[in-house]
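Colleague: Have a look at this fold, sequence not included:
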């Protein structure tokens, strides 16, 4: 199983189940997705190099056409709808949460992360007291 976040069908984060290797994975508890705006220009914006342009305030975040394609826990059983992400993009079928990203899907995700991701806790050992989390060392 995998917990994958995507925007417009492109994976931007891919958390695989590495419980066998000692990494916790949310497989039976409900999850929520939160979004917020906050000032972290002293550390989360390329190490503080990029400052917030307050002249552009107020800052607003919103979601349009949001779709959660996920398994749902109900009465102790997991119900999973027909997946759409990677399988549909490839013209195939099956549940995306049981599939690895294709080589192209993985390269595309890494490209998006390199080009657009401002902060990544996996590359910020100063912010995590115990050091880089185990999942950051696994693909």
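Modeller: Received the coordinates, thanks. Worth saying up front: this structure is predicted, and the values here are computed from it rather than measured. Numbers count the residues shown, from 1 in each chain.
Colleague: Could you name the helices and strands sitting against the top helix by length along the chain?
Modeller: The residue-count maximum for a helix in the chain (DSSP state H) belongs to helix 103-116. Judged by 3 or more Cβ pairs under 8 Å, 6 or more residues apart in numbering; DSSP states H and E, helix 103-116 is in contact with strand 10-16. Heads up, the C-betas are built off the backbone N, CA and C, glycines and all.
Colleague: Would you mark the buried spots in the strand it packs on?
Modeller: 11, 14, 16 (16 or more other Cβ atoms under 10 Å).
Colleague: for it, what is the average pLDDT?
Modeller: Average pLDDT, strand 10-16: 88.
Colleague: and what of stretch 132-139?
Modeller: The pLDDT scores in stretch 132-139 average 80.
Colleague: Okay, now the unreliable bits of this structure?
Modeller: 40, 43-47, 73, 76, 78, 80-98, 139 (pLDDT under 70).
Colleague: Could I get the full set of strands for it?
Modeller: 2-7, 10-16, 72-74, 77-79 (DSSP state E).
Colleague: Measure how the longest helix of the chain sits relative to strand 10-16, angle-wise.
Modeller: With axes from the mean of the first three to the mean of the last three Cα atoms, to 10 degrees as the basis, helix 103-116 and strand 10-16 are set at 110 degrees to each other.
Colleague: Now helix 103-116: buried residues?
Modeller: Residues 105, 108-109, 112 are the ones in helix 103-116 that count as buried (16+ other Cβ under 10 Å).
Colleague: if we can go back for a sec, now distance to residue 118 too, for the buried residues of strand 10-16, in CSV please.
Modeller: As requested, the buried residues of strand 10-16 are arranged in CSV below (distance: Cβ to Cβ, whole Å):
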residue, distance to residue 118
11, 18
14, 18
16, 23
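Colleague: Report the central residue of the protein.
Modeller: By Cα atoms, centre = their mean, the chain has its centre lying nearest to residue 13, at 3.1 Å.
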